[in-house]
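# The following block contains a protein sequence and its predicted model.
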Amino acid sequence: MTLAMIHWQALAVFIFLFLVVAVIGVYAVRWRKGDSNDLHEWGLGGRNFGVLISWFLIGGDLYTAYTLIAVPALIFGKGSIGLFALPYTIVVYPLMLAVMPRLWQVAKDRGHITPSDYVKDRFRSRTLALLVAITGIIAVIPYAALQMYGIEVVLAYMGVPPTGALVAGFVVLALFTYISGLRAPALISLVKDTLIYTTFIVAVIYIPIKIGGYESLFAHISPSKLVLPLNESSSYASLFLGSALALFLYPHALTAIMGSRSKKVVKTNMSILPAYTFLLGLIALMGFMAIALGLKASGAYGANGIVPELFLDMFPAPFVGYAFAAIAIGALVPASIMGIAAGNLFSRNIYQEFFHKDVSPRRSTSVAKIVALLVMVGALLFIITSPTKFVINFQLAGGAWMLQVLPAIFLALFIPWLDKRAVVAGWIVGIGWATCQLIQEGFSSSVHSLSILGGMPIYIGLSALVANVLVVFILTAVFRLMGARSIDPLVSPAVKA
């Protein structure tokens, strides 16, 4: 297949659906009453989303365009280890059922908009809140860039020069994000998930029929691709556990949760969001189908082009345009929320906290909107000017770094006696060791062999988190023995109930 050849029918369907979504995004500002010049309304949708909208919004936030491309690509290239994404999405929701309703309730009661608001209030520490905000903003930028990368891949496979088209896509994204705030991705997510579910359900039915059924499909795949090698078991286990712990620490994930209407809505969604794991399983099958069909990773995108290549080879042009639009629109929802989350963090926990304490609500919202646009511009420039390999590998660091705020957010909800100085020290140790391991791996792998465990490969973020938590507990015990004891009012019997 020649990437330079424009697939006009597919492109026409793609453009039509993209424009529909743009209109929906701009209209969203009128969808529900609220002053878009108030950060609570613009940045959290007024905390007014019920079960259905929250389910689509959170799912649309977590299952991104890069997921739709990268999971099958990893399975195509590395085999069954790519399936770590399935157990981690199975594990994460029971864990978050214990955490998220409680965090939502505290945020609602105390007027928190960002996770750093909670951290500042919980520990009475501007410094720790600042560290959490900086970690979140830095981790979000390459993640947002990867959403742009997902759009770039499908544009290239339709034969469109990606740079100009990416800029046009960015204008659409920036427009509805600036105008409508969190209401835009919430409303768009209804369309996005409908497109994705229909696309991949059709694919997992139609493609195996063309191959001769699933028995024939798996018969064409080497056992080495289907069975996890014993020496990769520690990588597999630590990847899915670390990924499960990190997923809802990202500021965009917490922003989507905080937009929920009630604690009951959060609980219900933690119970029904595993339906997306079924979708992820369908997506993962694309990697095996590409192997069975003998497709080759080639061109500038390598294995990341396997899903677009599979659709181009197996489906008529109109459905290809539909599928590519699903992937591209799948980038708009998380990219928008990432920009909003970063804007909220900067406005509330950096600008307002350190530069302009008496800022008006309107000015605070304006700052958040501008920073959201700057984050999206940064993501666009990142993907246009940087080697793709660098962008992808930098995102590995983002996940490892986000895990290091777990004590300040998740553990702090349940343990009232954590000392803020210990949590800061734990963050420094965790960030430092994670970065050191990433440097040793040349930012080319998310696992590192630890000599202390006999050379066992472990997910970098998880091993750094263990060191982080040990430091937090040890230093907290030391400070308590020294008499510097404090019980935080945010972790009270009333909140726990």
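Received the coordinates, thanks. Residues are numbered from 1 along each chain as shown.
# And the host helix or strand of residue 285, what does it pack against?
Assigned by DSSP states H and E, residue 285 falls within helix 275-292. Here helix 275-292 touches helix 65-78, helix 85-110, helix 183-211, helix 214-219, helix 306-314, going by 3 or more CB pairs under 8 Å, 6 or more residues apart in numbering; DSSP states H and E. Every C-beta, even on glycine, is put in place using the N, C-alpha and C of the backbone.
# Between helix 275-292 and the first one, find me the angle.
Think helix 65-78. Helix 65-78 runs at 40 degrees relative to helix 275-292, counting by axes from the mean of the first three to the mean of the last three CA atoms, to 10 degrees.
# pLDDT on helix 65-78, on average?
The average pLDDT for helix 65-78 rounds to 83.
# Which other helices and strands does that helix contact?
On a contact count with 3+ CB pairs under 8 Å, 6+ apart, helix 65-78 meets helix 126-157, helix 275-292, helix 306-314, helix 317-346.
# most packed of those helices?
Counting by mean count of other CB atoms under 10 Å, helix 317-346 has the highest mean neighbour count of those, with a mean of 27.
# Residue 189 and residue 298, how far apart?
Residue 189 sits at a distance of 33 Å from residue 298 (criterion: CB to CB, to the nearest Å).
# hang on, I meant residue 30
According to CB to CB, residue 30 stands 47 Å off from residue 298.
# Tell me, what's the model's pLDDT at residue 2?
45.
# circling back: who's more crowded, residue 189 and residue 298?
Higher neighbour count among residue 189 and residue 298: residue 189, with 27 against 13, using other CB atoms under 10 Å.
# List the residues that contact the more buried one.
Counting by CB atoms under 8 Å, 6 or more residues apart in numbering, residue 189 touches 53, 56, 57, 59, 60, 61, 333.
# Wait, residue 447 touches residue 457, no?
Yes - Residue 447 is within contact range of residue 457, at 4.5 Å (criterion: CB atoms under 8 Å).
# more neighbours, the two?
More neighbours surround residue 447 than the other of residue 447 and residue 457, with 24 against 21 (other CB under 10 Å).
# Report the contact partners of that one.
For residue 447, the contacting residues are 235, 238, 239, 441, 457, 458, 459, 460, by CB under 8 Å, 6+ apart.
# Inside helices: which ones of these?
Taking DSSP state H, the ones among these that sit in helices are 235, 238, 239, 460.
# Touching, the third one and residue 460? I think so.
No - contact between residue 239 and residue 460 fails when scored by CB under 8 Å: they sit 9.9 Å apart.
# More neighbours: those two, which one.
Neighbours per residue, other CB under 10 Å: of residue 239 and residue 460, the larger number sits with residue 460, 30 against 26.
# Residue 439 versus residue 460, what's the distance?
10 Å.
# Nearest spatial neighbour of residue 73, chain-adjacent residues omitted?
Computed as CB to CB, 6 or more residues apart in numbering, the closest residue to residue 73 that is not its neighbour in sequence is residue 303, at 4.0 Å.
# who's in contact with the one you found?
With CB under 8 Å, 6+ apart, residue 303 has these contacts: 73, 74, 76, 77, 297.
# Then residue 118?
103, 106, 107, 110, 112, 409, 490.
# Residue 108 now?
47, 263.
# Helix, strand, or coil at residue 449?
Of the three states, residue 449 takes strand according to DSSP: H, G, I helix; E, B strand; the rest coil.
# Quick check: it vs residue 239, distance?
14 Å.
# again, but for residue 456
Distance of residue 456 to residue 239, given as CB to CB: 13 Å.
# Quick check: which ranges of the stretch 201-350 of the chain have low pLDDT?
Along the stretch 201-350 of the chain, no part satisfies pLDDT under 70.
# What pLDDT does the model give residue 487?
Reported pLDDT for residue 487: 50.
# Tell me how many other residues crowd residue 446.
Neighbourhood size, residue 446 [other CB under 10 Å]: 25.
# dump the residue contacts of it.
Counting by CB under 8 Å, 6+ apart, residue 446 makes contact with 239, 396, 399, 400, 459, 460, 461.
# again, only this time at 10 Å
Contacts for residue 446 (CB atoms under 10 Å, 6 or more residues apart in numbering) come out as 235, 238-239, 242-243, 393, 395-397, 399-400, 437-438, 457-462.
# Can you turn the buried part of those into a PyMOL selection?
Of the contacts of residue 446, the buried ones go into a single PyMOL selection, burial set by 16 or more other CB atoms under 10 Å:
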select buried, resi 235+238+239+242+243+393+395+396+397+399+400+437+438+457+458+459+460+461+462
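# what about the stretch 351-497 of the chain, any weak spots by pLDDT?
Scanning the stretch 351-497 of the chain with the threshold set as pLDDT under 70 gives 387-394, 484-497.
# so where do the helices sit in it?
361-385, 388-402, 406, 412-414, 420-440, 460-481, 493-496 (DSSP state H, counting those that start in this stretch).
# For residue 123, find the nearest of these.
Among those, the nearest to residue 123 by CB to CB is helix 420-440 (4.0 Å).
# Now do the buried residues in the closest one.
By neighbour count with 16+ other CB under 10 Å, helix 420-440 contains the buried residues 420-427, 429-431, 433-435, 437-438.
# and that helix, how far from the chain's centre?
Distance of helix 420-440 from the chain centroid (CA atoms, centre = their mean, to the nearest Å) equals 22 Å.
# swap in stretch 172-181?
How far stretch 172-181 lies from its chain's middle: 19 Å, per CA atoms, centre = their mean.
# got the CA positions of it in PDB?
Below are the C-alpha coordinates for stretch 172-181, written out as PDB (Å, rounded to 0.1, in the frame of the first residue of the first chain):
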ATOM      1  CA  VAL A 172     -11.300  22.000  16.000                       C
ATOM      2  CA  LEU A 173     -10.000  20.600  19.300                       C
ATOM      3  CA  ALA A 174      -8.900  24.000  20.600                       C
ATOM      4  CA  LEU A 175     -12.200  25.600  19.600                       C
ATOM      5  CA  PHE A 176     -14.600  23.400  21.300                       C
ATOM      6  CA  THR A 177     -12.400  22.900  24.400                       C
ATOM      7  CA  TYR A 178     -12.000  26.700  24.900                       C
ATOM      8  CA  ILE A 179     -15.700  27.400  24.400                       C
ATOM      9  CA  SER A 180     -17.400  24.500  26.100                       C
ATOM     10  CA  GLY A 181     -14.800  23.100  28.600                       C
END
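# Identify the residues contacting residue 39.
113-114, 181, 340, 343-344, 347-348, 352, 361-369.
# Could you measure from residue 212 over to residue 247?
To residue 247, residue 212 is 37 Å away according to CB to CB.
# For residue 120, see how far away the spatially most central residue of the chain is.
Ranked by distance to the mean C-alpha position of the chain (CA atoms, centre = their mean), the top residue is residue 62 at 4.8 Å. Residue 62 is 26 Å from residue 120, where distance means CB to CB.
# re the thing from before, out of the helices and strands packed on helix 65-78, which comes closest to residue 16?
Counting by CB to CB, residue 16 lies closest to helix 317-346 out of these; the figure is 8.1 Å.
# Hmm, residue 372 is touching residue 176, no?
No - using CB atoms under 10 Å, residue 372 makes no contact with residue 176, being 11.4 Å away.
# Residue 205 - how many residues pack around it?
Residues lying near residue 205 (other CB under 10 Å) number 10.
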